[in-house]
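Trainee: return a 3D structure for these sequence lines:
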Amino acid sequence: MKNYSETPPSQINKQISWKNLQHLMEQLKSNLDFYYLDLSSLENLIEYYFSKLVAQENLDELRELQQEVFNLKTQCDYLKQRLRVDMDGKEAFLQNPPVFKDENEELEHEIYKFVTEENELEKAIFSMIQEVLGSEASENLTLN
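Mentor: Residues are numbered from 1 along each chain as shown. Below you'll find the predicted structure:
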């Protein structure tokens, strides 16, 4: 099988067979499952540090991050549903491969955008928690 990781998505869909396209979609579904779990972990992390984050007077930013986690989880569910429909679409692929491949390419771009947004959110959450833990460590050093 050709290495598609180095090929732009728009070129992948022009060259790919149903079997390879289905394998690619299974990989994307697996990735989305992972990101959904990752978002759940971020949600748990925010809950765990909630009182410390609020004490740092970051309530507005915290609410915004919680809303972003919720929105991305909803978007992830939507993308997984679209992917399921595509994975069951062998008949549509056989009837009109160019249209099916174009729709699949659009979905790949949406997933790429989702992954980028999830990574940015993860960095923001870790940064906020790191600030809280850093200030907490500073307080402990000054008390000793």
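
Trainee: what's the pLDDT at V69?
Mentor: Per-residue confidence (pLDDT) for V69: 97.

Trainee: so it is in contact with E43, correct?
Mentor: Yes: at 5.2 Å, V69 and E43 qualify as touching, with contact defined as C-beta atoms under 8 Å. Placement of C-beta: from N, CA and C, glycine included.

Trainee: out of those two, name the residue with the larger neighbour count.
Mentor: Each of V69 and E43 has its neighbours counted (other C-beta atoms under 10 Å); V69 has more, 21 against 16.

Trainee: what's the span of stretch 50-64 from first residue to last?
Mentor: One end of stretch 50-64 sits 13 Å from the other (C-alpha to C-alpha, to the nearest Å).

Trainee: go on, stretch 47-59?
Mentor: In stretch 47-59, first residue to last residue: 12 Å (C-alpha to C-alpha).

Trainee: return the set of buried residues in that stretch.
Mentor: Residues 49, 53, 56, 58 are the ones in stretch 47-59 that count as buried (16 or more other C-beta atoms under 10 Å).

Trainee: out of the residues you listed, which sit inside helices?
Mentor: L53 (DSSP state H).

Trainee: flag the shaky bits of this protein, pLDDT-wise.
Mentor: The model of the chain has pLDDT under 70 over residues 1-15, 136-144.

Trainee: where do the helices sit along it?
Mentor: Here the chain has its helices, by DSSP H, at 9-15, 18-48, 50-55, 59-87, 90-95, 97-143.
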